[in-house]
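Sequence first, predicted model second:
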There are 2 protein chains.
Amino acid sequence: MKTGRAEIVCTGSELLEGRLNLYVPLFHERLAPLGFHIVREQSSGDSLAAISDCVKGALKRADLVLVCGGLGPTFDDLTRQAAAKALGRRLVHSKACEQILSFNYGLKKLPPNFKDQCLLVEGAKPLENTNGTAPGQLITRGRQMLVLLPGPRKEWEPMFPNFLEAEIRSFFPRLKPVTQVKLRIAGLWETQAEKLLCPVMRRFPDTRFTILAGPGTVDFILSGDDSRGAVGKAEAACRRTLGTRIYGSGEASPASAAGEKLKARGRTVSSGESCTGGLVSQLLTDIPGSSRWFLGGAVTYSNAAKIKLLGVKASTLKRRGAVSPDCAREMAAGAKKIFRSDYALSITGIAGPDGGTPGKPVGLVYFGLAGPGGTRVFRRQFRPGRAFIRACAANFILDELRKIIK
Amino acid sequence: MKTGRAEIVCTGSELLEGRLNLYVPLFHERLAPLGFHIVREQSSGDSLAAISDCVKGALKRADLVLVCGGLGPTFDDLTRQAAAKALGRRLVHSKACEQILSFNYGLKKLPPNFKDQCLLVEGAKPLENTNGTAPGQLITRGRQMLVLLPGPRKEWEPMFPNFLEAEIRSFFPRLKPVTQVKLRIAGLWETQAEKLLCPVMRRFPDTRFTILAGPGTVDFILSGDDSRGAVGKAEAACRRTLGTRIYGSGEASPASAAGEKLKARGRTVSSGESCTGGLVSQLLTDIPGSSRWFLGGAVTYSNAAKIKLLGVKASTLKRRGAVSPDCAREMAAGAKKIFRSDYALSITGIAGPDGGTPGKPVGLVYFGLAGPGGTRVFRRQFRPGRAFIRACAANFILDELRKIIK
């Protein structure tokens, strides 16, 4: 066994009634270095039968099962019973847990709902909760491990460094950590990226590949056992294939990649935006420290604002319209001048849903990119969807910015 | 049968490798009005056996099973095969789907990966995809319905109003809708809202209540059987309690609520942003038709830009600094003047993580709001977290804007 199979069971009716489940990525982050792939996640409401069924199913497939939530003191906390039922074991009262709780809370006699939290699945090892009342539970059966964790993040998170990492490593001594590399790509559609990367995927059959499309971007994720350098070699092959189309890795974005390069070269940028309405500024200023290289932006939705703030000529707007290469060029040049930045970008287009014409359909966007060597203009036609067009447009010009920064 | 049992299967290795699953709450919102409770959600990697096993399990328990993702054209899109396997049916090629795709994309001959997307599970009804290539599929078996949806939200979302709502209602005619009302609140923290609403919750024991905190906002969700008007009465009681703190309901946001009011009154707005870096403009211009009432914005990160674009006095910046009530006032007044808008808002503060001082800590934000009656200034201190501070600040001033529009 090189990598282990983990499953996650999240309990809580709120997860099925409107609340986002934020935990799966967090569990992935903690389990990958221990050698586990998560192969399935299940969210169940607060029903004894349903939780028990989820756990039973997970134990049929996985080496390690984490169950999160439902260990609290209220009527809808049913994970202890469900786990016992799934394993066909009893619940036993733990004197030790009771003593720890009494001590931590300075209580001579525990209230009844505290006592319920001291019920352990037969054979379970309790995991002390440093930020709450319900202990976690660690149960082994043959070569499998089942872990019950309290629901609140601040309660389960410390259990990993405090107990779980060591317990899991010693119970699964032969697992190799899963190495994951996320390459971020711009300027290609998903199918184009796949076509280019197909030969690489064939050359590295032991590495797992996942391809994800974003608006104007593609993520290509490699994962596997890197102890003999396989993931690193696959990554190098991808990088050779894609070249500068890779704008970064890990948590990079087109904005952060452009920002990094501006910072490294000591350059500054500004923006003039029409149809993206401030999205580019917002993405750039999301980045801590962006005030060093982002000087400002003008969101010029109206023609009057384009003229007044960016110095676009009234005659250009009259002759060619706001969605035109000439307007894009004047907007970028105007932003560069007014903000006195090294580079300036501009975006003007039709985000829709209204405002399209046969000659200028929804999704048509012109871009300007002004730099020390003059101003370039780009034209792109994106598929409909207001938010999609805006996001594609922002990512497109941010990536062009990254590429021209000298 | 009063409410139906639905299960969701989400496919995609990325959901188990770091990407948040954002869809379950969205499916809940769409299924509740059709009379369904979601009883379980499963996320599976891109494995034929695993997806098929998830679907098979869900079909053992639920009346309605939605499978989302894995209908695309690439190697890891396996949902068609998995669903066919789970049902013990074949995949058949659909000439009709091929014709629709050829027509929509103006192609005489479809490339091979387009053709794969025209494979339907035997007996399936295709659901046209108005924003992408892969059609959805609707399959019935006895009293059960299985629906396959493409992964991207913009592709599956229109299928609900276009086809699915009618199909589901007519196939499950006896279900009573779960009425859900989402009240959106600004200007209160979660615990303050809960305290105010506690008496209402006690008065309506048959209505379920959920409270969700956002950045500077709170959502209060009421749900239940409204056939005797219970949910409506509970809603009225909440509205009486909260008054103008409710900025909207359903999918409203502070930006859309302000925008609606501007539109209704025929007024216009502009913005001058520093620490939010264009977030307010971006939120306002996210709204289709915003060009009628949003005239533009200046993102003035640097002092030079504040002076040049918004007419902030150099002496103000020198004496009081950029993060000061005076600067906020001059920014708002300047934006109103330069964009010639009826209202203008401004934001200047310290979003962090760096740049805080004992006198002006991270999270301190000043706001200006200029209108026909003059300019008001606000001061708020938010808890740390760059993205949190920016989002709180944007929501705060957008809500103040909504309240002053006459």
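In hand now; what should we look at? Nothing here was measured: the structure is a model prediction, and the numbers come from that model.

What residues does the stretch 151-300 of chain A have near chain B?
Counting by Cβ under 8 Å from any Cβ of the partner chain, the stretch 151-300 of chain A comes close to chain B at A:180, A:182, A:190-191, A:194, A:201, A:208-213, A:219, A:221, A:223, A:270-271, A:273, A:275-282, A:284-286, A:288-291, A:294-300. Heads up, the C-betas are built off the backbone N, CA and C, glycines and all.

Which helix or strand contains the residue in the stretch 101-250 of chain A positioned nearest to chain B?
Here the residue of the stretch 101-250 of chain A nearest chain B is A:T210; by Cβ to the nearest Cβ that distance is 4.8 Å. A:T210 belongs to strand A:208-213 when assigned by DSSP states H and E.

mind checking the SS state of A:A83?
Following DSSP: H, G, I helix; E, B strand; the rest coil, A:A83 is assigned to helix.

A:E41 too?
Recorded secondary structure, A:E41: strand (three-state DSSP).

give me the beta-bridge partners of it?
A:I8, B:S43 (DSSP bridges).

if I look at A:P150, how far off is A:D46?
As judged by Cβ to Cβ, to the nearest Å, A:P150 and A:D46 stand 14 Å apart.

can you count the residues close to the nearest residue to A:F163 once chain neighbours are set aside?
Leaving aside its chain neighbours, A:F163 sits nearest to A:L127 (5.0 Å; criterion: Cβ to Cβ, 6 or more residues apart in numbering or on different chains). For A:L127, the count of nearby residues is 23 (other Cβ atoms under 10 Å in any protein chain shown).

these two touch, right, A:L127 and A:A134?
No - using Cβ atoms under 8 Å, A:L127 is not in contact with A:A134; the gap is 9.9 Å.

Specify the local secondary structure of the residue nearest to A:V178 when sequence neighbours are not counted.
Ranked by Cβ to Cβ, 6+ apart and with sequence neighbours excluded, the top spatial neighbour of A:V178 is A:A32, at 4.4 Å. Recorded secondary structure, A:A32: helix (three-state DSSP).

Only alpha carbons, please: show stretch A:36-50 as PDB.
Extracted in PDB, the C-alpha atoms of stretch A:36-50 (Å, rounded to 0.1, in the frame of the first residue of the first chain):
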ATOM      1  CA  PHE A  36      -4.000   9.600   2.100                       C
ATOM      2  CA  HIS A  37      -6.200  10.400  -0.900                       C
ATOM      3  CA  ILE A  38      -9.800  11.300   0.000                       C
ATOM      4  CA  VAL A  39     -11.800   9.000  -2.300                       C
ATOM      5  CA  ARG A  40     -15.300  10.000  -1.100                       C
ATOM      6  CA  GLU A  41     -17.100  12.500   1.000                       C
ATOM      7  CA  GLN A  42     -20.600  12.100   2.400                       C
ATOM      8  CA  SER A  43     -22.800  14.700   4.100                       C
ATOM      9  CA  SER A  44     -25.700  13.300   6.200                       C
ATOM     10  CA  GLY A  45     -28.500  15.000   8.100                       C
ATOM     11  CA  ASP A  46     -28.800  14.400  11.900                       C
ATOM     12  CA  SER A  47     -30.300  10.900  11.600                       C
ATOM     13  CA  LEU A  48     -29.000   7.900  13.400                       C
ATOM     14  CA  ALA A  49     -29.800   5.500  10.600                       C
ATOM     15  CA  ALA A  50     -28.300   7.800   7.900                       C
END
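
Run the chain-centre distance for that stretch.
How far stretch A:36-50 lies from its chain's middle: 21 Å, per Cα atoms, centre = their mean, to the nearest Å.

For that stretch, list every residue counted as buried.
Buried positions in stretch A:36-50, judged by neighbour count with 16 or more other Cβ atoms under 10 Å in any protein chain shown: A:36-47, A:50.

and if you look at stretch A:60-71?
By 16+ other Cβ under 10 Å, the buried positions in stretch A:60-71 come out as A:62-71.

Would you list the phi and psi of whichever residue of the stretch 301-406 of chain A sits closest to chain B?
Here the residue of the stretch 301-406 of chain A nearest chain B is A:A305; by Cβ to the nearest Cβ that distance is 3.7 Å. When read as degrees, to the nearest 10, the backbone of A:A305 gives phi -70, psi -40.

Heading C-terminal from the strand holding A:T210, find the next helix or strand.
Per DSSP H and E, the first helix or strand lying C-terminal to strand A:208-213 is strand A:217-225.

Let me know the pLDDT of A:T133.
Here, the pLDDT recorded for A:T133 equals 85.

thinking again about what came up before, want to throw the buried residues of stretch A:36-50 into TSV with pLDDT?
Output for the buried residues of stretch A:36-50, formatted as TSV (pLDDT from 0 to 100):
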residue	pLDDT
A:F36	95
A:H37	91
A:I38	96
A:V39	96
A:R40	98
A:E41	98
A:Q42	98
A:S43	98
A:S44	96
A:G45	90
A:D46	87
A:S47	91
A:A50	97
